[in-house]
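>>> Return a 3D structure for these sequence lines:
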Amino acid sequence: MAALLAHPPNRALLDRVARLSGDETTLGKAVGALSRLARATTEKAAEREFNALFIGLARGELLPYASYYLTGFLNEKPLALLRSDMRRLQITRAPNVYEPEDNIASLCEMMAGLIRGRFGQPAELATQRDFFSAHLGPWAEHFFTDLEGAEGSVFYAPVGSVGRAFMAIEREAFRMGA
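Okay, the predicted model is just below:
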């Protein structure tokens, strides 16, 4: 998810996504749709769509930031709280990323890093749950639903479907594990 949301996908990423397969679950159907669209999408079309959705001339159709979704403004308290948690978890901002850290791509990457041990040892389940509950749970499903239905969303519509389904699964898994 992070790779698709951080920047326009190149042909290699589109080809990797095209090789994914789904099943009859909600998530599996979304993955299948994304895979089919990745096969039919050119790199240039994906770039145009990414730019229209997230960049725009003045701004994109969507603002993929926790601060915006939670407060209606950019660079607000959710970003400050995230930065505090990043320091505590020893997560540093990548030097080549200029977006605020509460961008959905960055948050997905941080969550994956906590799970896989990118920032040291894999984080304990309680730490993962707390991070998810604080920084993704309150808004990510809503963002992904908006991405599914965005006017300019074609390739990114199933990205939204995958993200929405995945966030629902994560929310339930953390609830069951509590």
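
>>> shaky segments in this protein?
In the predicted model of the chain, residues 178 satisfy pLDDT under 70.

>>> need the longest helix for the chain.
Among the segments of the chain that qualify as a helix by DSSP state H, the longest is helix 156-177.

>>> Can you pull out the residues in contact with it?
Helix 156-177 has contacts (Cβ atoms under 8 Å, 6 or more residues apart in numbering) with 1, 4-5, 26-27, 29-31, 33-34, 37, 49-50, 53, 104, 125, 128-129, 132-133, 136-137, 140-141, 143-150, 153. For every residue, glycine as well, the C-beta is placed using N, CA and C.

>>> So which residues make contact with stretch 93-108?
1-3, 5-6, 64-67, 74-75, 78-79, 82-83, 86, 135-136, 140, 143, 163.

>>> ok, back up a step: so which of the contacts of helix 156-177 sit within helices?
Counting by DSSP H, the part of these found in helices is 4-5, 26-27, 29-31, 33-34, 37, 49-50, 104, 125, 128-129, 132-133, 140-141, 143-149.

>>> From those residues, list the buried ones, please.
Buried subset of these (neighbour count, 16 or more other Cβ atoms under 10 Å): 4-5, 26-27, 29-31, 33-34, 37, 49-50, 104, 128-129, 132, 140-141, 143-144, 146-148.

>>> how close does Tyr156 sit to Glu24?
23 Å (Cβ to Cβ, to the nearest Å).

>>> same deal with Ala12?
29 Å.

>>> go on, Asn103?
Taking Cβ to Cβ as the measure, Asn103 and Glu24 are separated by 32 Å.

>>> Comparing those two, which shows the higher neighbour count?
The neighbour comparison of Asn103 against Glu24 (other Cβ atoms under 10 Å) goes to Asn103, with 22 against 7.
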